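[1] just the structure for this:
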Amino acid sequence: MSGPVPPATLASEEGGLRAPAERLDPRARLLWVADVALVTAALVVAGAVALIVIGVVAEVPKPLLLWGALVVIAAIGAGVAATVPGVLYRTYRWEVTPLGLYVRRGWIRRTWTVVPHSRIQSIETTIGPMHRLLGLAQVDVRTASGEGGASVPGLNEGLVARLTAQLAAAAGEGDAT
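    Numbers count the residues shown, from 1 in each chain. Have a look, this model is predicted:
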């Protein structure tokens with residue numbers, strides 16, 4: 001026996017769940033590239049400092065193999081920065097429906113999340129330094145159980161205010177407006 005049939009507003013013509021209508025702001029890709037670049041740079045710099053300290057303190061010649069490992073880490077980081085943000089952007093979708101906030105994410109492992117308006121406990125907006133630089137924000141919607149919720153990263157700051165107000169109003173009324 002199959003599970004419950006998805007509500008008509010989320011069903012596709014093929015009978016499965018349809019993709020939500022909204023995409024993230026295209027600048028979200030730059031945000032993710034910057035995140036990968038910062039982590040990669042931190043790893044390479046920390047590794048280089050460690051190798052220099054070991055070379056000075058232990059008076060051991062700098063092993064070429066370990067320096068090569070740092071080059072490999074940098075190359076992997078560059079590869080991830082060149083591919084993953086584009087994939088994330090193409091697969092992350094969101095929409096506010098009469099049922100609630102509907103989010104689809106993932107490429108290898110797809111996740112569809114619907115946070116019903118009546119279950120919304122809090123709506124949090126996050127704007128970090130890179131978000132601010134790019135004019136983006138992230139909206140996190142949480143339920144009272146603490147286990148449910150959804151995040152929509154990489155939204156235009158102007159859209160965030162409207163989305164937050166729409167979700168807050170719908171949560172207060174128990175249905176979408």
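[2] skip the chain neighbours and tell me the closest residue to the most centrally placed residue in the chain.
    The geometric centre of the chain, computed from its C-alpha atoms, lies nearest to residue 153 (C-alpha atoms, centre = their mean), at 5.0 Å. Nearest non-adjacent residue to residue 153, counting by C-beta to C-beta, 6 or more residues apart in numbering: residue 138, 4.4 Å away. To be clear about C-beta, it is placed using only N, CA and C from the backbone, and glycine gets the same treatment.
[3] repeat that for residue 135.
    Closest to residue 135 by C-beta to C-beta, 6+ apart is residue 157, at 5.4 Å.
[4] make sure the residue nearest to the centre of the chain is actually in contact with residue 92.
    Yes. The criterion here is C-beta atoms under 8 Å, and residue 153 meets it with residue 92 at 7.5 Å.
[5] mind listing the shared neighbours of these two?
    The contact sets of residue 153 and residue 92 overlap at 24, 28 (C-beta atoms under 8 Å, 6 or more residues apart in numbering).
[6] so the residue nearest to residue 135 touches residue 133, yeah?
    No. Contact criterion C-beta under 8 Å: residue 157 and residue 133 do not qualify, at 11.5 Å.
[7] looking at these two, which has the bigger crowd around it?
    Higher neighbour count among residue 157 and residue 133: residue 157, with 15 against 12, using other C-beta atoms under 10 Å.
[8] let me see the contact set for that one.
    If you count contacts by C-beta under 8 Å, 6+ apart, then residue 157 has 127, 135, 136, 137 around it.
[9] can you pull up the bridge partners for the last one?
    Note on residue 137: beta-bridge partners residue 155, judged by DSSP bridges.
[10] what about it, neighbour count?
    24.
[11] list the contacts of the strand or helix carrying residue 132.
    Using DSSP states H and E, residue 132 falls within helix 129-134. For helix 129-134, the surrounding residues in contact (C-beta under 8 Å, 6+ apart) are 27, 30, 31, 34, 35, 137, 138.
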